[in-house]
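Asks: Need the 3D shape of this:
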Amino acid sequence: MSEIARATASIDRSEGAWTTPPAAVEARDGMLLVTAAAGSDAWRLTSYGFVHDTEHALVAPLPDGSAMEVEFEIPFEAQFDQAGLFVRVDDTRWVKAGIEYADGALQLGAVVTDGMSDWSLAPVPEWSGRRITVRISRDGTALTVRAGAAGEALRLVRVVPFATDLEASAGPFVCAPSRAGLTVPFTAWRRGDADADLH
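Replies: Okay, the predicted model is just below:
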């Protein structure tokens, strides 16, 4: 298995723009603390029939040939509390990947939306209380999503078809569909070169 080069260039929050402003944002001790509004979420139509486009994502350009990653802690306790990395093309085309608290357990998952959303999850209860890294690499015709807990190698989560001519932005996101008061500490937001290999 190839070693995945980690992004090293920090991104200042002033480089990003919010898709939906959060309830509160605070910079403290090198962290960005983002508090989600109650009912915030990102979803389009599939199975549930509704459209939610109120995620709090702080996005900056993600050109082809680059990668972006975020690190964060996971103070989740309510159904569908979530945080990670969001990639946005427009209102109907986006990807979110990260950790979500669903059905009583921490889940590693991704939602890929092109008109309608899909959803994939895998339980990661052993990640509770640990710092999480989510990385998305854009190269050619794909986004490669990886994630891992502190002290572990990043694992492959998903490979997403993604046209080379799309203009996209990406960055940290938080949603709290079922409650108020979720504050997620982001400890890093970085960019770098795209991954050289898939495996």
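Asks: give me the element the residue nearest the centre of the chain is part of.
Replies: Residue closest to the average C-alpha location in the chain (CA atoms, centre = their mean): residue 85, at 1.7 Å. With elements taken from DSSP states H and E, the one containing residue 85 is strand 82-90.
Asks: what lines up beside that strand in the sheet?
Replies: strand 93-102 (antiparallel), strand 169-175 (antiparallel) (DSSP bridges).
Asks: buried residues in the shortest one?
Replies: The reference is to strand 169-175. For strand 169-175, burial by neighbour count (16 or more other CB atoms under 10 Å) applies to 169-175. C-betas here are computed from N, CA, C, even on glycine.
Asks: Please identify which pair of those lies farthest apart.
Replies: 169 and 175 (17.2 Å; CB to CB).
Asks: coming back round to it: from the chain's centre, how far out does the strand holding residue 85 sit?
Replies: Chain-centre distance of strand 82-90: 5 Å, with CA atoms, centre = their mean, to the nearest Å.
Asks: swap in stretch 29-46?
Replies: Using CA atoms, centre = their mean, the offset of stretch 29-46 from its chain centre is 10 Å.
Asks: Please write out the alpha-carbon positions of it in PDB.
Replies: What follows is stretch 29-46 as a C-alpha-only set of coordinates in PDB (Å, rounded to 0.1, in the frame of the first residue of the first chain):
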ATOM      1  CA  ASP A  29      -6.200  28.100  21.100                       C
ATOM      2  CA  GLY A  30      -5.500  27.400  17.400                       C
ATOM      3  CA  MET A  31      -8.900  25.800  16.900                       C
ATOM      4  CA  LEU A  32     -12.000  26.900  15.000                       C
ATOM      5  CA  LEU A  33     -15.100  26.200  17.100                       C
ATOM      6  CA  VAL A  34     -18.200  26.000  14.900                       C
ATOM      7  CA  THR A  35     -21.600  25.900  16.500                       C
ATOM      8  CA  ALA A  36     -24.400  24.500  14.300                       C
ATOM      9  CA  ALA A  37     -27.900  25.900  14.100                       C
ATOM     10  CA  ALA A  38     -30.700  23.400  15.100                       C
ATOM     11  CA  GLY A  39     -32.100  21.700  12.000                       C
ATOM     12  CA  SER A  40     -29.000  22.300   9.800                       C
ATOM     13  CA  ASP A  41     -28.400  19.600   7.200                       C
ATOM     14  CA  ALA A  42     -27.500  18.800   3.600                       C
ATOM     15  CA  TRP A  43     -29.700  16.300   1.700                       C
ATOM     16  CA  ARG A  44     -31.600  16.200  -1.600                       C
ATOM     17  CA  LEU A  45     -34.800  14.200  -2.100                       C
ATOM     18  CA  THR A  46     -33.800  10.500  -2.000                       C
END
